[in-house]
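Undergrad: I'll drop the sequence and a predicted model, then ask my questions.
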Amino acid sequence: AVVFENVEDMATRIDSDTLDVSADDILVLKNIGPKGAPGMPEAGYIPIPRKLARAGVKDIVRVSDGRMSGTAFGTIVLHVTPESAIGGPLAYVRNGDRIRLSVSSREIALLVTDEELARRAQETPLVIPTAERGYAKLFLDTVTQADQGVDFDFLRAARMVGKTPE
């Protein structure tokens, strides 16, 4: 893994000639999910690092808890949930980690032990975005994760099978 902590980190380092990256690496972009960005902007597209593009690399595996435009392309895993900002597994991915991606098995796995993940969680406390009031507070307190639609939790439709509305 070659890890970018957020969009600013990626913008600063992605085209650096000193970026330690090869065509066999997996690029990871954290903290651009519903709460981390906040708002899950179309920022999940990670470009090919300039030094690889110059060498003719046309695609590289990229993983993010964000989203991207439908016009982007390549081998990209998006909408990883739970997102890194709230303690999802991406929060603890580090440079040099091994990641296994299997499209046929529909699996992505961070190849570190549970003990190592627990150690990382202990030494890297999360700074979950919060707000005191207003729309930002409403959003951060109630927005759902990508797999649930990035919507306010109180706007979910009631399940009506065998029930009356409450």
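TA: Received it, and whenever you're ready, just let me know what you need.

Undergrad: for the rest of this, base every contact and every neighbour count on C-alpha atoms.
TA: Noted.

Undergrad: what segments of this protein are strands?
TA: 2-4, 26-29, 61-64, 76-77, 99-102, 107-110 (DSSP state E).

Undergrad: quick check: mean pLDDT across the fourth one?
TA: So that's strand 76-77. The average pLDDT within strand 76-77 is 92.

Undergrad: do the same with stretch 125-137
TA: For stretch 125-137, mean pLDDT rounds to 91.

Undergrad: from His79, how far out is Thr144?
TA: For Thr144, the distance to His79 equals 12 Å [C-alpha to C-alpha, to the nearest Å].

Undergrad: actually Ile60, sorry about that
TA: For Ile60, the distance to His79 equals 18 Å [C-alpha to C-alpha].

Undergrad: over to Ser69?
TA: Separation of Ser69 from His79 (C-alpha to C-alpha): 13 Å.

Undergrad: do you know the pLDDT at the residue nearest the centre of the chain?
TA: Central residue of the chain (C-alpha atoms, centre = their mean): Asp65, 1.9 Å from the mean position. Note on Asp65: pLDDT of 95.

Undergrad: also the one 5 residues further on?
TA: Turning to Gly70, the model gives it a pLDDT of 78.

Undergrad: what about it, neighbour count?
TA: Applying other C-alpha atoms under 10 Å, we find 8 residues neighbouring Gly70.

Undergrad: having no further points to raise, I will conclude here.
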